[in-house]
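Undergrad: Requesting a structural model of the entry that follows:
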Amino acid sequence: MDFKTKIGLGTVQFGTNYGISNVNGQTIGNEVEDILDSALRLGVKVIDTAAAYGEAEKVIGHFDIGRFKVVSKFMPPNEYTSINSLLQQSLDKLKIDSLYGFLAHRPMQLLHHPEQWNDLLKLKNEGKIKKIGFSLNAPEEIDLLMNKGFVPDLIQVPFNYFDNRFENSMLALKERGCEIHTRSTFLQGLFFLNPDDLKPFFKEVKPLIKNLQENYEYLASSLLAYSLEKEFIDKVIIGVETNNQLIQNINTLEKAKSLPKLNRVIEEKILNPSLWEK
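TA: Sure, this is the predicted structure:
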């Protein structure tokens, strides 16, 4: 299989200054255009974005993104908004008529507002969304949502060399026909930082990162291949700051050495960037 077709392009860097290893800041318009053109040329067909990614939807909406399958995510509606209005806001910014996927960015809110899931089903039936589902942060969220009868067409979860917390959930949902997207392939770039410069908070993984950097010439591609090789994963979403990063990560896939099995469990405080020490 051509693993390049399993790659999706994340866009958070296009709308905000994102990532622990980001030294370039928010990606500017001309660079975004180059990245989108290269993505298509290299076989990338999915764009992942979100209303919460700063100006990302608006930025990519300046370009012809109708050439891609676009997945976006919505924050919980408030008293002045609805699922329908949030979808329309995203479509207007993206300048397209429908989405491939529309995911709840805070899916636990659906437990308190099941009518919002019905709204999503209605929009799907109307053809404005092809697939509905969730962007998840913890495996236990899956059971809570499924127990309420919210069966997703598409989920997005964190997965990388350090983090396989969702593997069983992904396998189970895949059996039910759910499309599986993963993010955090590079853990916000943590894998690429100088281990000696990391705060004591990261002491658990400092030797692991150092070993990876010393032994894997094309570390980014090895990390990417680790996820791409999993048959139960349909798309691996990666973010890049520059066009050169995208091209290099993809073109060096064939040179990337396979990563060894990691025979240990990493603490969740390391796996979840929202828990990182500020």
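Undergrad: what ranges do the strands span in this protein?
TA: Ranges of strands in the chain, per DSSP state E, are 7-10, 46-48, 69-74, 99-104, 129-135, 154-158, 179-183, 235-238.
Undergrad: I'd say residue 94 and residue 60 touch.
TA: Yes. Residue 94 is within contact range of residue 60, at 6.8 Å (criterion: C-beta atoms under 8 Å). Heads up, the C-betas are built off the backbone N, CA and C, glycines and all.
Undergrad: Those two - which one has more neighbours?
TA: With neighbours defined as other C-beta atoms under 10 Å, residue 94 and residue 60 compare such that residue 60 has more, 27 against 24.
Undergrad: What ranges does the stretch 151-278 of the chain have for its helices?
TA: Secondary structure of the stretch 151-278 of the chain (DSSP state H, counting those that start in this stretch): helices at 167-175, 206-215, 219-228, 243-251, 268-271.
Undergrad: and the last one, what's its mean pLDDT?
TA: This points to helix 268-271. When pLDDT is averaged over helix 268-271, the result is 94.
Undergrad: Likewise for the fourth one?
TA: On average, the pLDDT along helix 243-251 is 93.
Undergrad: returning to what we had before: residue 200: which of the strands of the chain is closest?
TA: strand 154-158 (23.3 Å; C-beta to C-beta).
Undergrad: quick one: that closest one to chain centroid distance?
TA: Relative to the centre of its chain, strand 154-158 is centred 7 Å away, using C-alpha atoms, centre = their mean, to the nearest Å.
Undergrad: Mind picking out the helix or strand in the protein with the poorest mean pLDDT?
TA: Lowest on mean pLDDT, DSSP states H and E among the helices and strands of the chain sits helix 12-15, with a mean of 91.
Undergrad: CA atoms only for that helix - export them in PDB, please.
TA: Extracted C-alpha coordinates of helix 12-15, given in PDB (Å, rounded to 0.1, in the frame of the first residue of the first chain):
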ATOM      1  CA  VAL A  12      -3.700  24.300  13.500                       C
ATOM      2  CA  GLN A  13      -0.400  25.900  12.600                       C
ATOM      3  CA  PHE A  14      -2.100  28.000   9.900                       C
ATOM      4  CA  GLY A  15      -4.400  29.700  12.400                       C
END
